[in-house]
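Participant: model the structure of this input:
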Amino acid sequence: MNNYLQRLGLTAWRKKTTILVASGFLSLIIFGLQFSHLDNNSTNLNNLLQDEKDAEVVAEALVKSIKNVKFIEANKNKLVATEIDPESRQNDINIKREIKQDKPFENIHLEQQLGIPFVNIDPKNPYIPKKRIVHLDLKGAPPLISYFRRFFPLIQSMGATGILLEYEDMFPFSGHLKNISAKNAYSVENIKEIINLAENSQLEVIPLVQTFGHLEFALKHAEFANLREVGGSPQALCPSRKSSLDFITQLINQVMSLHPSVKYLHIGCDEVFQMGECDLCRLEIHENLFLKHIKNVVDIVRLKYPTLKIIVWDDMLRHISQQSMLDAKLGELVEPMVWVYAEDIYRFVQPTIWEKYSSVFATAWSASAFKGAFGETMYVPNARRHLENTLRWLDTMAAQSTAFKNGISGIAITGWQRYDHFAVLCELLPASIPSLALSLLAATTGYFNSSLKDKFLKVLSCPESVIDSTPFITLESDPFLWEKVSRCTFPGSPVFRLTNRFHNLELEANEFLDVTLKQKGWMTLYNVQHNYSLALRVEELTLDLPRLYHGMISLARTAVDAMNGIFDNYTKSEWIEQKIFPYILQFEQIQNDSYVLKSVNHWPARPLPISKEMQKLAFNIGLH
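Facilitator: All right, here's what the predicted structure looks like:
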């Protein structure tokens, strides 16, 4: 039997590598069946292999035959299979697709081993966006100019063609708008240098000015509170006031004065959560309000910059009717940037919306994300999820681009630093460079697979030991890339390594806090409030406290060192205060509580009286 299988495999190998894999795989399946059935299937396989053009038929037959078998390992010498549940058959479909593309099985296995998300993209005919824009959200953790000097050449080497600069309060506004600038805002000279550095790296600059929603940075101030749509909230501007349009005019003119040569301006207009609520807007239909405001803003821009192309976020357009947009001639005014940061693009922008957009607009943009999309308090991005988001955008763009008269203009890979002006910091830019590298290289080549290993590791300045390692990434088990990329020396890599160290210490700290304050019964809030515990147990519970406390102090010092040359002291202190300092405070409180609990030598008889903290509640619920 073994000799027969070997001869069969050798014959197929001489024909073609793909068919060798097919025949070997089917031989393994046959081996587990009854001998009479084996003979029949072997004959069928030999018949299939008579013509190399039937490789797709072989693939089809294989997929149908291996409903309960999952391929787990392959090379030129051996094939291994194992039993799986019926629910795990999606991999079989993927294998079938790979055979159709005439790829060897070992490549399939390698991609699975690397953890690269499967998206049905053909590397032989990839869709590559014409413009690949990296978005920089400067309303949190704005980098120093010295970091831009290293960052811009880095992203240009990854394939970026431009940057989308969202300044918010980091722009040096003047005159009536002076007070809306942050105290650590860039100076006029800083802005000019940023633009010059970008242009030196052949990066197109696109400024972004919010003109409807997300104006908290301005409307939070007392002198601009009268422009709010809702008096108690600074989120959205009232579009019906002349003073609002005067305010928008000043915003745009001041930003454009430092960007005189740009071809595009992004006017935001996303997530306008409050609209049609004030006395002036209440009787207006929401979609009419929105479209009217867009036209007013475009008129403001074109009054001084008639050739400027204007981009808007698309989310507010998704529920506006096609006819309303056509009547407003919206396609002559703006270009929509369609943003979805999750993996399932069509869940959020259905085919009917794409049809509507293509009938209204001659072109559109897309927007994926490399950070700032999967949690407001994350400190390092899930690179695997962001890569899949970008890959699925490439697939979507390839499918939808032909519907637009001028195709799709490009993709912006966004990197949000806060979810809005009042939110805390999410993933810092330097900690997100590996995630950006995956997504940007994918957008630049039209796909991402093992063939990009050298390019990926080179742009991250990884040592030879990492370059020579196999696999070079393992996104399933290492989605944050700490395991594979921590030895690389890309600009800001110390911040990336800092997040790994913080993660490990945070796990220990949370386990300690959970055990000490909740799981064990001697330092709970009840024990502390009643000053009632056993010194011996308290001593046991706090054995690891000094190590964890000093570990956090040491980590705070490391954070300062890692961020030197990248961020100012405001950003350093903000990140430490949000991530590390809360643990330091909790540890100090536990230490103080432990001293008090251990100092008691005499205790009252039970039952214990209601604590002072509990007395108000006790009265309200009838405990007297």
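
Participant: CA only for contacts and neighbour counts going forward, please
Facilitator: Will do.

Participant: closest to the centroid, which residue in the chain?
Facilitator: Nearest to the mean C-alpha position of the chain, by CA atoms, centre = their mean, lies K371 at 3.5 Å.

Participant: what's the burial count for the closest residue to that one other than its chain neighbours?
Facilitator: Spatial nearest neighbour of K371, chain neighbours left out: G415 (4.8 Å); criterion: CA to CA, 6 or more residues apart in numbering. By the measure other CA atoms under 10 Å, the count of residues near G415 is 25.

Participant: also G232?
Facilitator: Neighbourhood size, G232 [other CA under 10 Å]: 9.

Participant: show the pLDDT at it.
Facilitator: We have a pLDDT of 95 for G232.

Participant: thought Y583 was touching H550?
Facilitator: No: with contact defined as CA atoms under 8 Å, Y583 does not reach H550; the gap is 10.9 Å.

Participant: which SSE is S157 in?
Facilitator: Take DSSP states H and E as the rule and S157 turns out to sit in helix 145-158.

Participant: which of the helices and strands in the chain ranks last by mean pLDDT?
Facilitator: Ranking every helix and strand in the chain by mean pLDDT, DSSP states H and E puts strand 69-74 at the bottom, with a mean of 29.

Participant: could you list the paired strands of the next helix or strand after the helix holding S157 along with their orientation?
Facilitator: Note on helix 145-158: by DSSP H and E, the next helix or strand toward the C-terminus is strand 162-166. Strand pairing for strand 162-166, using DSSP bridges, gives strand 131-137 (parallel), strand 204-208 (parallel).

Participant: pull the distance from strand 162-166 to the chain's centre.
Facilitator: With CA atoms, centre = their mean, to the nearest Å as the basis, strand 162-166 stands 17 Å off its chain's centre.

Participant: still on that earlier bit, can I get the strands paired with strand 162-166 in JSON lines with mean pLDDT and mean neighbour count?
Facilitator: Converted to JSON lines, the strands paired with strand 162-166 look like this (pLDDT from 0 to 100; neighbours: other CA atoms under 10 Å):
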{"stretch": "strand 131-137", "mean pLDDT": "98", "mean neighbour count": "24"}
{"stretch": "strand 204-208", "mean pLDDT": "98", "mean neighbour count": "23"}
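
Participant: and F490, which of those is closest to it?
Facilitator: Evaluated over those, closeness to F490 peaks at strand 131-137, with 17.1 Å, by CA to CA.

Participant: how about the strands of this structure, start to end?
Facilitator: 69-74, 79-83, 131-137, 162-166, 204-208, 228-230, 233-237, 264-266, 309-313, 335-339, 364-371, 408-415 (DSSP state E).

Participant: need those strands in a markdown table (columns: distance to W393).
Facilitator: Formatted as a markdown table, the strands of the chain follow (distance: least, CA to CA, whole Å):
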| stretch | distance to W393 |
| --- | --- |
| strand 69-74 | 28 |
| strand 79-83 | 33 |
| strand 131-137 | 12 |
| strand 162-166 | 18 |
| strand 204-208 | 21 |
| strand 228-230 | 34 |
| strand 233-237 | 29 |
| strand 264-266 | 20 |
| strand 309-313 | 16 |
| strand 335-339 | 10 |
| strand 364-371 | 7 |
| strand 408-415 | 9 |
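
Participant: what's the most buried one of these?
Facilitator: Neighbour counts (mean count of other CA atoms under 10 Å) averaged over each of the strands of the chain peak at strand 364-371, with a mean of 28.

Participant: report the angle between it and strand 131-137.
Facilitator: Angle between the axes of strand 364-371 and strand 131-137 is 50 degrees (criterion: axes from the mean of the first three to the mean of the last three CA atoms, to 10 degrees).

Participant: just checking, what packs against strand 364-371?
Facilitator: Under the contact criterion of 3 or more CA pairs under 8 Å, 6 or more residues apart in numbering; DSSP states H and E, strand 364-371 touches strand 335-339, helix 383-400, strand 408-415, helix 433-445.

Participant: tell me the angle the second one makes with helix 433-445.
Facilitator: Taking the same axes, to 10 degrees, helix 383-400 and helix 433-445 form an angle of 20 degrees between their directions.

Participant: what does helix 383-400 rub up against?
Facilitator: Helix 383-400 is contacted by residues 115-121, 127-129, 341-345, 354, 366, 368-371, 408, 434-436, 438-439, 442-443, 446-448, 475-476, 479-481 when judged by CA atoms under 8 Å, 6 or more residues apart in numbering.

Participant: make a ChimeraX selection of the buried ones in the residues you listed.
Facilitator: Only the buried entries of the contacts of helix 383-400 go into this ChimeraX selection, using 16 or more other CA atoms under 10 Å:
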select :115,116,117,118,119,121,127,128,129,341,342,343,345,354,366,368,369,370,371,408,434,435,436,438,439,442,443,446,447,448,475,479,480,481
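
Participant: please report phi then psi for F173.
Facilitator: Dihedral angles of F173 (phi, psi; degrees, to the nearest 10) stand at phi -70, psi 160.

Participant: thought K183 was touching it, still the case?
Facilitator: No: with contacts counted by CA under 8 Å, F173 stays clear of K183, the gap being 11.2 Å.

Participant: what about these two, which has more around it?
Facilitator: Legend: neighbour count by other CA under 10 Å for F173 and K183, higher for F173 (22 against 10).

Participant: so who does that one touch?
Facilitator: The contact partners of F173, by CA under 8 Å, 6+ apart, come to 179-181, 251, 254.

Participant: check L280 too.
Facilitator: With contact set as CA under 8 Å, 6+ apart, L280 has these partners: 240-241.

Participant: can you list the helices and strands packed on strand 364-371 in CSV and add mean pLDDT and distance to P143?
Facilitator: Converted to CSV, the helices and strands packed on strand 364-371 look like this (pLDDT from 0 to 100; distance: least, CA to CA, whole Å):
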stretch, mean pLDDT, distance to P143
strand 335-339, 98, 25
helix 383-400, 98, 21
strand 408-415, 98, 13
helix 433-445, 98, 13
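
Participant: of all the ones you listed, which one is nearest M523?
Facilitator: Among those, helix 383-400 comes nearest to M523, with 39.3 Å by CA to CA.

Participant: hmm, back to that, of the contacts of F173, closest to S554?
Facilitator: Closest approach between those and S554, by CA to CA: S181, at 33.9 Å.

Participant: in this protein, where's the longest helix?
Facilitator: Using DSSP state H to define each element, the chain has its longest helix at helix 493-514.

Participant: so that helix versus helix 433-445, what angle?
Facilitator: Per the same axes, to 10 degrees, the angle that helix 493-514 makes with helix 433-445 is 130 degrees.

Participant: which residues touch helix 493-514?
Facilitator: Helix 493-514 has contacts (CA under 8 Å, 6+ apart) with 379-380, 430-432, 482, 486, 548, 551-552, 555, 558-559, 562-563, 583.

Participant: which of these has the largest number of neighbours?
Facilitator: Tallying neighbours with other CA under 10 Å puts V380 at the head of these, with 28 neighbours.

Participant: L237 is in contact with F273, correct?
Facilitator: No: the pair F273 and L237 fails to qualify as a contact (CA under 8 Å) at a distance of 10.3 Å.

Participant: common neighbours of the two, please.
Facilitator: Common neighbours of F273 and L237 (CA under 8 Å, 6+ apart) are G213.

Participant: flag the shaky bits of the stretch 51-200 of the chain, pLDDT-wise.
Facilitator: For the stretch 51-200 of the chain, the stretches flagged by pLDDT under 70 are 51-110.

Participant: distance of the nearest residue to R418 once chain neighbours are set aside from P117?
Facilitator: In this structure, R418 finds its nearest non-sequential neighbour in L425, 5.2 Å apart by CA to CA, 6+ apart. Here L425 is placed at a distance of 28 Å from P117 (CA to CA, to the nearest Å).

Participant: now do the phi/psi pair for the closest residue in space to P463 that isn't next to it in sequence.
Facilitator: Spatial nearest neighbour of P463, chain neighbours left out: C488 (6.3 Å); criterion: CA to CA, 6+ apart. Dihedral pair for C488: phi -80, psi 160, per degrees, to the nearest 10.
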